[in-house]
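Trainee: Just to be clear, the model below is a prediction. Sequence and coordinates:
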Amino acid sequence: MKTTNLFFIGLLMCMVLSPAAAQKTVFLTPRAGLNLANITSAGGNLRPGLNFGLSGEYLLARQWSAEAGLFYSMEGSQLPSPHLSPDLGYLCIPIEAKFYLTDGYDGTRGFFFHLGPQFNFALMRDKINYTAGHEQDDDLLTASPTKGFAFSIVAGLGYLFPVGFQLSLNLDEGLSNINRMDSGYRNYVVQMNFGYRFSL
């Protein structure tokens with residue numbers, strides 16, 4: 001928690017001290033797209049789903065910005081038996097650094113890259129245990145084996161059009177184990193998104 005507080009304090013100081021503060025530097029971007037999700041070590045196939053939400057962006061310099069968002073993401077995996085397929089849904093909070101290849105004030109941003117941590121809170125957890133060797137555990141038939149929190153890193157690239165529309169391709173790689181009983185189960189998601197960015 002102390003690390004998180006220090007991060008937010010540092011981000012706030014950057015926003016206050018940035019020479020870009022006199023410009024129009026605050027943007028909102030509603031975003032939605034397609035997920036292709038899976039779980040490492042689960043032996044399943046990609047599960048298609050959706051993601052949607054809103055991000056806020058603050059321009060720190062001509063080519064750099066800080067971006068945070070709030071998104072719902074459908075994740076999980078498709079396993080051979082439909083009774084063992086976890087359907088997971090997360091409330092995701094990414095906090096990312098964003099780099100534009102062109103000048104941030106020229107009106108046409110072009111290509112951009114972004115990278116940062118993401119905090120994922122499970123809103124929907126499958127109550128059927130998908131972990132091999134625990135299918136008959138009574139406690140896992142009434143309570144999800146999936147943890148309520150997961151940590152991941154998000155990276156991606158995109159293109160921002162002059163009118164404000166943007167396209168992006170993201171990889172959400174899980175860094176924490178999501179299963180209460182066994183280790184090695186981590187989410188990973190490929191996302192293809194579109195959004196519309198506008199200034200405040």
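Mentor: Cool, got the structure.
Trainee: Any idea what the spatially closest residue to residue 187 that is not a sequence neighbour is bridged to?
Mentor: Closest residue to residue 187 apart from its sequence neighbours, by Cβ to Cβ, 6 or more residues apart in numbering: residue 174 at 3.9 Å. Where you see a C-beta, it was placed from the backbone N, CA and C, and this is true even at glycine. According to DSSP bridges, the partner residues bridging residue 174 are residue 152.
Trainee: for residue 93, same thing?
Mentor: Per DSSP bridges, the residues bridged to residue 93 are residue 119.
Trainee: do residue 157 as well
Mentor: As for beta bridges, residue 157 partners with residue 113, residue 169 under DSSP bridges.
Trainee: wait, what's in contact with it?
Mentor: Shown in contact with residue 157 (Cβ atoms under 8 Å, 6 or more residues apart in numbering): 111, 112, 113, 114, 168, 169.
Trainee: Which stretches in the protein count as strands?
Mentor: 26-39, 47-59, 64-76, 87-100, 110-124, 149-160, 165-174, 187-196, 198-199 (DSSP state E).
Trainee: now the angle from the third one to strand 165-174?
Mentor: Regarding strand 64-76 and strand 165-174, their directions subtend 60 degrees when assessed with axes from the mean of the first three to the mean of the last three Cα atoms, to 10 degrees.
Trainee: one step back: with distance to residue 30, neighbour count and pLDDT added, can I get the contacts of residue 157 in JSON lines?
Mentor: Formatted as JSON lines, the contacts of residue 157 follow (distance: Cβ to Cβ, whole Å; neighbours: other Cβ atoms under 10 Å; pLDDT from 0 to 100):
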{"residue": "111", "distance to residue 30": "21", "neighbour count": "12", "pLDDT": "92"}
{"residue": "112", "distance to residue 30": "17", "neighbour count": "21", "pLDDT": "94"}
{"residue": "113", "distance to residue 30": "21", "neighbour count": "15", "pLDDT": "95"}
{"residue": "114", "distance to residue 30": "16", "neighbour count": "21", "pLDDT": "97"}
{"residue": "168", "distance to residue 30": "13", "neighbour count": "20", "pLDDT": "97"}
{"residue": "169", "distance to residue 30": "18", "neighbour count": "14", "pLDDT": "98"}
